[in-house]
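**Student:** Next input, structure requested:
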Amino acid sequence: MSQSHPSRRSFLKKSSVGLAAGMTVPYVFTANAEEKTRPQSKNDRLRIGSIGMRYQGTVIALKAQEHGDIVAIADVDQHVREQARAGFGSTPAIYEDYRKLLDRKDIDVVTIGTPDHWHTRIAIDACRAGKDVYVEKPLTLTIDEGKLLSKVVKETGRVVQVGSWQRSDQRFRLAVEMVRGGRIGKLERVEVILGKNLTGGPFPERPVPGNLNWELWQGQTPAVPYIEERCHYTFRWWYEYSGGQMTDWGAHHLDVAQWGIGSLPVEIEGEAKYPDVPDGFNVAIDFSARYKYANGVEMTVADNGRNGIMFTGTEGRIFVNRGTVDGKPIEELADKPFPRDQFKVYDFDNLDRPERVGKLDAIVNHMGNFFDCIRERRTPISNVACQHRSVSTCHLGNIAMHLGRKLTWDPEKEVFVGDDEANARLSRTQRSPYEITA
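**Tutor:** Next up, the predicted model:
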């Protein structure tokens, strides 16, 4: 965003036609970072350190290996890090504490595949250590974390790509391009279906496995006895570490929905039922949220129905998910090709920059886009500027659901209007010594 502070009326007008509209720009050159990258030619192999190697962490490390060399691995679980090293030919160094990995001056790039509550802290530390970063979604655990990370990325000039890879999928990109290009008329509403949260519990306390540093795994979150189901994949069903489907699938689908809407929310309300099970999953059993955007578009989010996104306008609608993109406007493409040279896009980092004409660049490799941007010091398609805004929309939904009432949001100041109780939820109490600071 620009450093200037326009009036609220001016800001909301720009929000409806320019801010998230600018989120359609895949590349923006990053200033003052050219000299900070070691490789001097496209033939140089970047050196990569991978942090968090369970499940998706290994997936993204394998994708990164296509563009560089994995020289170090960090994970708080000894079994996980040793198995991961074996998968990379037993050559990477392994660490329990990610900070030792970041201390290595020979590492250019870091991938982060940890549980959600560690994403922001490690990304900030990596940027400060002079590394470019690929971090899994959701980008943050709270809205205030996103503010801090945005500040650090801007100050350090690092290239940061978030793993919201649907931005690089041709189905979602086509749907957004069609919506933004007026093929369904004036956009009126968007319906997003995420899927149900998992339920379960109570779960028994167990001795901490000898291979796991449970203290370090918990990080900023409250210290609690070890329960196996809190850890590894099922962490996402505990509000302490994640946000359930609102931040899990929501980091994908709400990102694409907001990309198509081209604005930011100003009103949010939500409803949810929560389990009353001690030592059990505590995210919502049933949930829904409703958003009103500055440009008048309304968006609903629910957990029941066909997973995907429905854009509805005055002249048609388009549905998209990971398996399909369909609707009459899509069917009409054969006879009415999209005039890509007339599609308007905007700079998402600067509200005052004039619009320019172009199209959504065809990107089929999310990780490849990241490494291209590292070498050429460009802003990647799923950057911190847009992903902070997208995951903030997810967090807004969770906050509204927990409070059970309508909330008014100021997207310029990033605070709730006249609501101390809601603003208290922009951050969470962080346990020492794992606090996140900018």
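**Student:** Please make it C-alpha for all contacts and neighbour counts, starting now.
**Tutor:** Fine.
**Student:** if I pick the residue located most distally from the centre of the chain, what's in contact with it?
**Tutor:** Distance to the chain centre peaks in the chain at residue 335, reaching 36.2 Å (criterion: C-alpha atoms, centre = their mean). Contact analysis of residue 335 by C-alpha atoms under 8 Å, 6 or more residues apart in numbering lists nothing.
**Student:** Now do the longest helix anywhere in the chain, average pLDDT.
**Tutor:** If you go by DSSP state H, the chain has its longest helix at helix 384-403. Mean pLDDT, helix 384-403: 97.
**Student:** Number the residues from 321 up from this point.
**Tutor:** Happy to do that; since the first residue is 321 now, the last one works out to helix 704-723.
**Student:** Could you report the neighbour count for residue 425?
**Tutor:** Residue 425 sits with 10 neighbouring residues when counted by other C-alpha atoms under 10 Å.
**Student:** Just the helices from this structure, written as ranges.
**Tutor:** With DSSP H as the criterion, the chain has helices spanning 328-334, 376-384, 398-407, 418-422, 439-448, 463-476, 490-500, 534-538, 570-581, 648-651, 686-696, 704-723, 740-743.
**Student:** would a markdown table of those helices with mean neighbour count and distance to residue 391 be doable?
**Tutor:** Below are the helices of the chain laid out as a markdown table (neighbours: other C-alpha atoms under 10 Å; distance: least, C-alpha to C-alpha, whole Å):
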| stretch | mean neighbour count | distance to residue 391 |
| --- | --- | --- |
| helix 328-334 | 16 | 45 |
| helix 376-384 | 20 | 11 |
| helix 398-407 | 18 | 10 |
| helix 418-422 | 19 | 10 |
| helix 439-448 | 22 | 16 |
| helix 463-476 | 19 | 23 |
| helix 490-500 | 22 | 32 |
| helix 534-538 | 17 | 22 |
| helix 570-581 | 26 | 30 |
| helix 648-651 | 16 | 45 |
| helix 686-696 | 21 | 16 |
| helix 704-723 | 24 | 26 |
| helix 740-743 | 14 | 42 |
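**Student:** re earlier: now do the longest helix of the chain and helix 463-476, the angle between them.
**Tutor:** Inter-element angle recorded for helix 704-723 and helix 463-476: 170 degrees (by axes from the mean of the first three to the mean of the last three C-alpha atoms, to 10 degrees).
**Student:** and helix 704-723, what does it pack onto?
**Tutor:** helix 463-476, strand 480-482, helix 570-581, strand 585-593, strand 606-613 (3 or more C-alpha pairs under 8 Å, 6 or more residues apart in numbering; DSSP states H and E).
**Student:** Determine which of the helices of the chain approaches residue 609 most closely.
**Tutor:** helix 704-723 (5.9 Å; C-alpha to C-alpha).
**Student:** how about the helices and strands packed on helix 704-723, which one is nearest residue 537?
**Tutor:** The nearest among the helices and strands packed on helix 704-723, by C-alpha to C-alpha, is helix 463-476 at 18.3 Å.
**Student:** What residues does residue 746 make contact with?
**Tutor:** So residue 746 contacts 462, 463, 464, 735 (C-alpha under 8 Å, 6+ apart).
**Student:** So the first one is in contact with residue 747, correct?
**Tutor:** Yes. Taking contact to mean C-alpha atoms under 8 Å, the distance of 5.5 Å between residue 462 and residue 747 places them in contact.
**Student:** of the two, who's got more company?
**Tutor:** The neighbour comparison of residue 462 against residue 747 (other C-alpha under 10 Å) goes to residue 462, with 22 against 12.
**Student:** What separation is there between that one and residue 726?
**Tutor:** 19 Å (C-alpha to C-alpha, to the nearest Å).
**Student:** Residue 438 too?
**Tutor:** To residue 726, residue 438 is 30 Å away according to C-alpha to C-alpha.
**Student:** which of the two has more neighbours?
**Tutor:** Neighbour count, other C-alpha under 10 Å: between residue 438 and residue 726, residue 438 has more, with 23 against 16.
**Student:** The more buried one and residue 707, how far apart?
**Tutor:** For residue 438 relative to residue 707 (C-alpha to C-alpha), the value is 16 Å.
**Student:** Same check on residue 459?
**Tutor:** 7 Å.
**Student:** intersection of neighbour lists for the two?
**Tutor:** residue 482.
**Student:** Where does pLDDT dip in the stretch 321-470 of the chain?
**Tutor:** Within the stretch 321-470 of the chain, the stretches with pLDDT under 70 are 321-363.
**Student:** re the thing from before, now the helices of the chain in TSV, with distance to residue 755?
**Tutor:** Converted to TSV, the helices of the chain look like this (distance: least, C-alpha to C-alpha, whole Å):
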stretch	distance to residue 755
helix 328-334	32
helix 376-384	23
helix 398-407	24
helix 418-422	14
helix 439-448	8
helix 463-476	11
helix 490-500	36
helix 534-538	12
helix 570-581	24
helix 648-651	48
helix 686-696	28
helix 704-723	19
helix 740-743	19
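**Student:** now for these, which one comes closest to residue 607?
**Tutor:** The nearest among those, by C-alpha to C-alpha, is helix 704-723 at 7.4 Å.
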